[in-house]
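Undergrad: Generate coordinates for the sequence data below:
(4 chains)
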Protein chains: 4
Amino acid sequence: MFPKTNEVKVMRDPVHGYIHVEYQVIWDLINSREFQRLRRIHQLGGTFQVYHSAEHSRFAHSLGVYEITRRMVNEVSGLKELSEEDKITVMCAALLHDLGHGPFSHAFEAITPVKHEVYTQRVILENTQVHEILKKISSDFPDKVASIIDYTHPNELLNQIVSGQLDADRMDYLLRDAYFSGTSYGNFDLERILRTMRVRENKIVVKKSGIHTVEDYIMARYHMYWQVYYHPVTRSYEAILHSLFKRMKDLYQKDPKQLSELKMFLPFLQQKDTITDHFKMDESAALYGFTLLSESNDPISKDLARRLLDRDLFEYEDIHDNQDLTRIKKQVENLGYDPDYYVITDEASQRPYKPYSGLEGHNIWILQENGQIEELSKVSDLVSAIVKANLKEDRKAFFPTH
Amino acid sequence: MFPKTNEVKVMRDPVHGYIHVEYQVIWDLINSREFQRLRRIHQLGGTFQVYHSAEHSRFAHSLGVYEITRRMVNEVSGLKELSEEDKITVMCAALLHDLGHGPFSHAFEAITPVKHEVYTQRVILENTQVHEILKKISSDFPDKVASIIDYTHPNELLNQIVSGQLDADRMDYLLRDAYFSGTSYGNFDLERILRTMRVRENKIVVKKSGIHTVEDYIMARYHMYWQVYYHPVTRSYEAILHSLFKRMKDLYQKDPKQLSELKMFLPFLQQKDTITDHFKMDESAALYGFTLLSESNDPISKDLARRLLDRDLFEYEDIHDNQDLTRIKKQVENLGYDPDYYVITDEASQRPYKPYSGLEGHNIWILQENGQIEELSKVSDLVSAIVKANLKEDRKAFFPTH
Amino acid sequence: MFPKTNEVKVMRDPVHGYIHVEYQVIWDLINSREFQRLRRIHQLGGTFQVYHSAEHSRFAHSLGVYEITRRMVNEVSGLKELSEEDKITVMCAALLHDLGHGPFSHAFEAITPVKHEVYTQRVILENTQVHEILKKISSDFPDKVASIIDYTHPNELLNQIVSGQLDADRMDYLLRDAYFSGTSYGNFDLERILRTMRVRENKIVVKKSGIHTVEDYIMARYHMYWQVYYHPVTRSYEAILHSLFKRMKDLYQKDPKQLSELKMFLPFLQQKDTITDHFKMDESAALYGFTLLSESNDPISKDLARRLLDRDLFEYEDIHDNQDLTRIKKQVENLGYDPDYYVITDEASQRPYKPYSGLEGHNIWILQENGQIEELSKVSDLVSAIVKANLKEDRKAFFPTH
Amino acid sequence: MFPKTNEVKVMRDPVHGYIHVEYQVIWDLINSREFQRLRRIHQLGGTFQVYHSAEHSRFAHSLGVYEITRRMVNEVSGLKELSEEDKITVMCAALLHDLGHGPFSHAFEAITPVKHEVYTQRVILENTQVHEILKKISSDFPDKVASIIDYTHPNELLNQIVSGQLDADRMDYLLRDAYFSGTSYGNFDLERILRTMRVRENKIVVKKSGIHTVEDYIMARYHMYWQVYYHPVTRSYEAILHSLFKRMKDLYQKDPKQLSELKMFLPFLQQKDTITDHFKMDESAALYGFTLLSESNDPISKDLARRLLDRDLFEYEDIHDNQDLTRIKKQVENLGYDPDYYVITDEASQRPYKPYSGLEGHNIWILQENGQIEELSKVSDLVSAIVKANLKEDRKAFFPTH
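TA: So this is what the prediction gives:
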């Protein structure tokens, strides 16, 4: 029912040593065109504009999430006991969870209101190579895989493996982004986390002896956010992306013909995109589109596209109140720019860990020596301090100064 | 004359820790559009099809070559004594030496007969941002920089720093390609090489006490060639690229209109490409072009383009004689493919070190304890053995089997 | 006045790449017998009983503290401006700050009431090779060096470099202990800390842009304490050491002749130890002493010494109140052991950072963008949370169970 | 018959991540006093006098050899099929193979003619904790374990795992010595070697696809020999050790009473050493003995012992002929030293790989694609070149110059 490859296939990976594949369905999914497309989408959106070596793709990350999941279901006591079908389902979900991403992730959502999660579901469930491969297992297998990504699979453990506050996705991206950016912040002891993981009361938990490793993981998240993900230069690049996509949408609404050359974007502007349009919309297409836009007649999109290609980014400033913003807008107008596209604000604020009351499976649970489980912030002084701390927000405006 | 940045700028780099910039001209070059374009060109052509994490760009590599050069002219006794102008000239040359690369490097030369070295010269000498920045130093400064890349600068030491068998270019790419591919083969002790480098008789030499480190570097080259650069899957991808470019050229010669949609390739097919056409021809443009081709009416380019996008690569086989080749061609014809595009052969053969008699500056020289210098293979038993060994060639055919 | 070595000497070091020596006085100190003695004293006392690879010595650590200090006075703006004499004084102090350590550090203080800091002063100021070497610089140079280690040098910056909450000592040991124990917890970005260090108001400060790196360093301390330094097995080994030294002292007070074979310990038991006795009292001497004790007639020291040699350590248990302790003592008596030597309690409690009001130079200071400096916990939400958190204490008893 | 520990025990190790123990017999052996003694013997004799951080012990190395062996018998196809008893026997042998080492390894053999291999056999077969633990498995189990170390076990595969030119011992020490010395030379891709290992014709072989990894391993050996193991400073330290042990032997033969204080050495000088004497003769005992000797009345042993403790080593010079040696001896006599103890010569010469005709199991075998196996140098151009090369010898004299 679940055929294996004739020998274990391996792929060298700097984060995990090797990615191991032993099921034919996994191997086929990796070789599917929709999965190969992820090679053409950066994992970190605009971050490689700050950390020039962070040029890795969602392809590499997706393999990593799969590999951690594979190890969890093979090595963690309580998950090892899952049925073979459950194991394969969750490994497929881990591999495929990012399929729906478009170029530059969230910024792209300024063109199309459809979230990447929706596209992921569509790629799994509609007429694609991925869908064909999954269906060969059984007719309801695509649905099962999709339901894990949706967090609605009846076996909650499977959902928790892929999405939670200590899931395969986050563990891979912290390690991977640290490796490729060349920072040490994202490192934590994955081996020890896997070794101290257990299952209790239908939840993935970590033994008390691993609590400091979990604290270290929480801190890794904290530092990666501030040093890498929320770096102002990353946000500046994304602000311009946002403005450019917004500009295209506005132009299209006024006069669709202006954008007739930009075939790759049209289906999205028309909100008639098929799964094939989505397939073709990778970062190559977007960047080539920017090259075309950098020669267009519309001065705003021409300028914004050029800025993206040439890394001529916006400056930034902390915004404390509306006066700050008004002043900046005036400045920008004086330079001849339209503040609608040339003054972008965003807010970065994160807590590296939050206990949820509704979504208990998302929490991190610690297995006490007496066999009870407790939510992390109840037993870690450090995490408790962070949960209670009044973490400042960071609101910034991005705008040109010349 | 050579203004400095107001403080030393640094960029985090996993290979060198940090890239350090203290001259304004370097900073301006990094921020030029032609240099930023290198972010859109993979360092290793098709290698990321084998080593999925080897997705780094020529941008990162070029910064690394610059950084090693910067350290050489600041730390190596004999180079520290160069004039400030010579130092800056060679740092600029190191930074810019790869500017002329097109997408997928050598494969692209199947479309245009112009070598990337020629484009590098043009970007430095013609009307570009890079040229403007260099000219601000002095009117002949662009020529000086270009001459180092050309190996014709009157100060031979400068040429040797950038091109030789122990140059900043090779040292960076071995370390960098090893890091990003996740293999350990390319590692060698850069610190010790820099520490044992000296200058004698107008040559860069290495002290005897560093000879084992140099041997280790030679072995790193040897292993990287076989494990990474000449990996058959890399060569398979490049074989298809070559065939696709050849097909486009053939189609264009028969009937140019067929390719009218592929605006990015036309100037090269017409052999009328300007430096702006070259600027726009990055991997995004090429890949988007392949997306268009994968929907074209020509079945050959349609199929080849799809293979590249979906990583549906050719199989390969060792070729010992013409019979092997004839047999394979027949097989391929039986499958309905045109062997002109569907059977590609190449030969991989490399010696990790060769002593040249004409180009003595390219050799590696060892400084003996008595003050004499000797060519490496004269004093290293190991290298001598390799130079004399009858290293086998590896000739392969690449072709589809389904 | 400060002669240099004829070329820069280097020593390979896995933490710093190389240790660089350019002054003859540093080179001579490294080669002095008192400094070479540090090779015979483990850096981490009993920790190698838990992390078997943490077998590094105070010799290696002392070189590391020197190297960080050397970099600080050469690279940090505000320290680069120190006089050559101040720089050399602080480099000597960094190198020599651990000279006074005896075997197994604090445990040894159960034999002799003299603290290792006092011995360090004596080795620098009394009749030793180290003293001779320092005196060659000037007659008051030994006193200057000693005063930094004592935190009484008139130039407070020098004291802060060697002792503070962000000093060369702590930075080296976190990185080094992490490397040799094979844990990742102690890692932090030393390069970035050095790059963002400045001097303001006679204090070493860190620029705001480095605050997350400092937070990461604080967390590294936190984790190393719990995972490595306060690991219960380390404490168990040290508990037995403490008991054995105490037993020797008690035996000696009753009847000195009993210990006549243990020549290495006698001067300390008599409290008549000279600096030569201290020189000879390294871990080899102590361990050989334990070998002799393991064959002695006193059953307690015989048993305790054997336990240390054979790693037959005590078990441990959390102590919540006196009842716990009474119960354990009874248990141990029932096994036939004397609780005075066989039930040892200790308390581990640490805050990875504490703001002091008296010792302001010990605090970590952040340089705001407006030029003001603020104590770390005032500007870091994370550190503030930790300073305010009610960190639990960890009180344990160590005792045999068989 | 082979009880398991109640859960898998792990020990953090920087080379292998973790050492995994699942059999009680392995856990008991690790906790035996004879195995714990290995913590008191450096892995690399005098090498830490050159690479100050190479302070690791034979304890850590022995765990590493065990771990590689454990992986081989669990992961390598052809070894996975061994009986449980064979697997445990070879894991025990791997763990225990270095038990017989005395302090400073080969130098110690100047005192006692007994080789360390003989002691290893004795510790396994005589009245020791190790012997008791092994005997609990079965009465002939100690003999079986010993026979592997002796290369006489009837199942030749077991012998090859522990001793050969690609065995667990060498693979661990190359990686470990590289890590702790801080050099990169010893690195090679252990994962890939394990992945490409197979068994054919009762030999451990490596698949053709792993040949470059094996070449890299051979080069790692080559470089470690010259950069680390045969470093002249290591050899200088060992030359003095050799002279001091020789001097003790000579003194003892003339007048045994002179050495009556040196109880630790007496049984060996008398050639009446028991296995308990061997147990007590660790590096602590030897070093404490040197401390005593450094205060003795014999000026030669007093001086040599002091040189070892204070690292006041001999200088060295290449020896080309007897004239060189005669000249040096005269020099040394002129300084007032006895050349018998003060001029030591040694020869370093190594080939990183040699094909043996008698001991075929020691060779490295490559499994061709056609299923045939070939000895490595027959199929590797590189190794063939090295085997044929005329590698120079390095003969040096070590002597004092002041």
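Undergrad: Now the stretch 251-400 of chain A against chain D: closest residue?
TA: At 14.2 Å from chain D, residue A:367 is the closest residue in the stretch 251-400 of chain A, using CB to the nearest CB. To be clear about C-beta, it is placed using only N, CA and C from the backbone, and glycine gets the same treatment.
Undergrad: Wait, that residue touches residue A:204, no?
TA: No - Residue A:367 is not in contact with residue A:204 according to CB atoms under 8 Å; the separation is 10.2 Å.
Undergrad: Touching both of these two, which residues are there?
TA: When CB atoms under 8 Å, 6 or more residues apart in numbering or on different chains defines a contact, the residues bordering residue A:367 and residue A:204 alike are residue A:198.
Undergrad: OK, contacts around the residue lying closest to residue A:144 once chain neighbours are set aside?
TA: Closest residue in space to residue A:144, ignoring its immediate chain neighbours: residue A:89 at 5.0 Å, by CB to CB, 6 or more residues apart in numbering or on different chains. Residues near residue A:89 by CB under 8 Å, 6+ apart: A:141, A:144, A:145, A:148, A:153, A:158.
Undergrad: now swap in residue A:175 and tell me
TA: By CB under 8 Å, 6+ apart, the neighbours of residue A:175 are A:15, A:64, A:186, A:187, A:188, A:190.
Undergrad: any idea how far the fifth one is from residue B:63?
TA: Note on residue A:188: its distance to residue B:63, by CB to CB, to the nearest Å, is 28 Å.
Undergrad: got a list of contacts for the host helix or strand of residue A:157?
TA: Element membership for residue A:157 (DSSP states H and E) is helix A:156-162. Helix A:156-162 is contacted from outside by A:65, A:69, A:72-73, A:79, A:82, A:86, A:89-90, A:93-94, A:97, A:148-149, A:151-153, A:167-169, A:199, A:202-204, A:361-362, using CB under 8 Å, 6+ apart.
Undergrad: go again using 7 Å as the cut-off
TA: A:69, A:72, A:79, A:86, A:89-90, A:93-94, A:97, A:148-149, A:151, A:153, A:167-169, A:199, A:202-204, A:361 (CB atoms under 7 Å, 6 or more residues apart in numbering or on different chains).
Undergrad: I'd guessed residue A:298 sits against residue A:252; true?
TA: No - in this structure, residue A:298 is not within contact of residue A:252 by CB atoms under 7 Å, at 11.1 Å.
Undergrad: Residues of chain A that sit close to chain C?
TA: Within chain A, the positions near chain C by CB under 7 Å from any CB of the partner chain are A:184-185, A:187, A:189, A:212, A:216, A:219, A:223, A:226-227, A:381-382, A:384-386, A:388-392.
Undergrad: measure stretch A:341-351 end to end?
TA: 30 Å (CA to CA, to the nearest Å).
Undergrad: okay, residue A:298 and residue A:252: which has more neighbours?
TA: Applying other CB atoms under 10 Å in any protein chain shown to residue A:298 and residue A:252 shows that residue A:252 carries more neighbours, namely 19 against 16.
Undergrad: give me phi/psi at the more buried one?
TA: phi -60, psi -40 (degrees, to the nearest 10).
Undergrad: In contact with the nearest residue to it once chain neighbours are set aside, which residues?
TA: Excluding the flanking residues, the one nearest residue A:252 by CB to CB, 6+ apart is residue A:269, at 4.3 Å. Contacts here follow CB under 7 Å, 6+ apart; on that basis residue A:269 touches A:111, A:248, A:249, A:252, A:259.
Undergrad: quick one: least confident helix or strand in chain A?
TA: Least confident helix or strand, chain A: helix A:381-388 with a mean of 85, by mean pLDDT, DSSP states H and E.
Undergrad: Name the secondary structure element that contains residue A:93.
TA: Applying DSSP H and E, one finds residue A:93 within helix A:84-96.
Undergrad: Any idea which residue of the stretch 51-200 of chain A lies closest to chain D?
TA: residue A:191 (5.8 Å).
Undergrad: That residue is in what secondary structure piece?
TA: Going by DSSP H and E, residue A:191 is part of helix A:190-196.
Undergrad: The helix or strand following that helix near chain D anywhere?
TA: Moving toward the C-terminus from helix A:190-196, the first helix or strand encountered (DSSP H and E) is strand A:197-200. No - applying CB under 7 Å from any CB, one finds strand A:197-200 out of contact with chain D, separated by at least 11.4 Å.
Undergrad: And strand A:197-200, how far out from the chain middle?
TA: 26 Å (CA atoms, centre = their mean, to the nearest Å).
Undergrad: again, but for stretch A:27-37
TA: So, by CA atoms, centre = their mean, the centroid of stretch A:27-37 is 18 Å from its chain's centroid.
Undergrad: repeat for stretch A:394-402
TA: On CA atoms, centre = their mean, the centre of stretch A:394-402 falls 25 Å from that of its chain.
Undergrad: Restrict that stretch to CA atoms and write it as CSV.
TA: C-alpha atoms of stretch A:394-402 as CSV (Å, rounded to 0.1, in the frame of the first residue of the first chain):
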residue,chain,number,x,y,z
ASP,A,394,8.6,48.9,16.8
ARG,A,395,6.6,51.1,14.4
LYS,A,396,8.6,52.4,11.5
ALA,A,397,7.9,54.5,8.4
PHE,A,398,9.8,53.8,5.2
PHE,A,399,10.3,56.5,2.6
PRO,A,400,12.8,57.9,0.1
THR,A,401,15.1,60.8,1.0
HIS,A,402,16.4,61.7,-2.4
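Undergrad: Flag the shaky bits of the stretch 1-150 of chain A, pLDDT-wise.
TA: Residues of the stretch 1-150 of chain A meeting the criterion pLDDT under 70: none.
Undergrad: can you pull out the helices in it?
TA: A:24-30, A:33-36, A:58-75, A:84-96, A:116-125, A:129-137, A:141-149 (DSSP state H, counting those that start in this stretch).
Undergrad: Who are the packing partners of the last one?
TA: With contacts defined as 3 or more CB pairs under 7 Å, 6 or more residues apart in numbering or on different chains; DSSP states H and E, the secondary structure elements packing on helix A:141-149 are helix A:84-96, helix A:116-125, helix A:129-137, helix A:156-162.
Undergrad: give me that answer again for 10 Å
TA: Packed against helix A:141-149, as judged by 3 or more CB pairs under 10 Å, 6 or more residues apart in numbering or on different chains; DSSP states H and E, are the following elements: helix A:24-30, helix A:84-96, helix A:116-125, helix A:129-137, helix A:156-162.
Undergrad: Could you verify my assumption that residue A:351 touches residue A:385?
TA: No - counting by CB atoms under 10 Å, residue A:351 sits too far from residue A:385 to count as a contact (11.7 Å).
Undergrad: Compare the two (neighbour count), which wins?
TA: The neighbour comparison of residue A:351 against residue A:385 (other CB under 10 Å) goes to residue A:385, with 21 against 13.
Undergrad: residue contacts, that one?
TA: A:377, C:381, C:382, C:383, C:384, C:385, C:386, C:387, C:388, C:389, C:390, C:391 (CB atoms under 10 Å, 6 or more residues apart in numbering or on different chains).
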